[in-house]
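Participant: no sequence for this one, just the structure:
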């Protein structure tokens, strides 16, 4: 499945110094997945002390990354 990034996600990733490679790693191999509102999904992956949280929405043939940020 094709992974694409929303403009919002790209902006926030740049501000938070997150690479596309790191975010894709969370989407491809998450430690935990939770359902969110409006059909969105939240993926988590632990990196040392914190987890990276990536919010996505699925369409017919792609995964759209909405945003990504660190959580405790």
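Facilitator: Cool, the structure landed. Everything numeric in this text was worked out from a predicted model, so none of it was measured.

Participant: bridging residues for the residue most central in space within the chain?
Facilitator: Against the mean C-alpha coordinate of the chain, by C-alpha atoms, centre = their mean, the closest residue is residue 54 at 2.4 Å. Taking DSSP bridges, one obtains residue 43, residue 68 as the residues bridged to residue 54.

Participant: And it, how close does it get to residue 33?
Facilitator: 10 Å (C-beta to C-beta, to the nearest Å). To be clear about C-beta, it is placed using only N, CA and C from the backbone, and glycine gets the same treatment.

Participant: Between these two, which contacts overlap?
Facilitator: 42, 43, 44 (C-beta atoms under 8 Å, 6 or more residues apart in numbering).

Participant: Contact partners for the second one?
Facilitator: By C-beta under 8 Å, 6+ apart, the contact set of residue 43 is 26, 27, 30, 32, 33, 53, 54, 55, 56.

Participant: Among those, name the buried ones.
Facilitator: The neighbour-count test (16 or more other C-beta atoms under 10 Å) marks 26, 27, 30, 53, 54, 55, 56 as buried among these.

Participant: What residues sit buried inside the helix or strand hosting the first one?
Facilitator: Counting by DSSP states H and E, the secondary-structure element that holds residue 26 is helix 20-28. Judged by neighbour count using 16+ other C-beta under 10 Å, the buried positions of helix 20-28 are 23, 26, 27.
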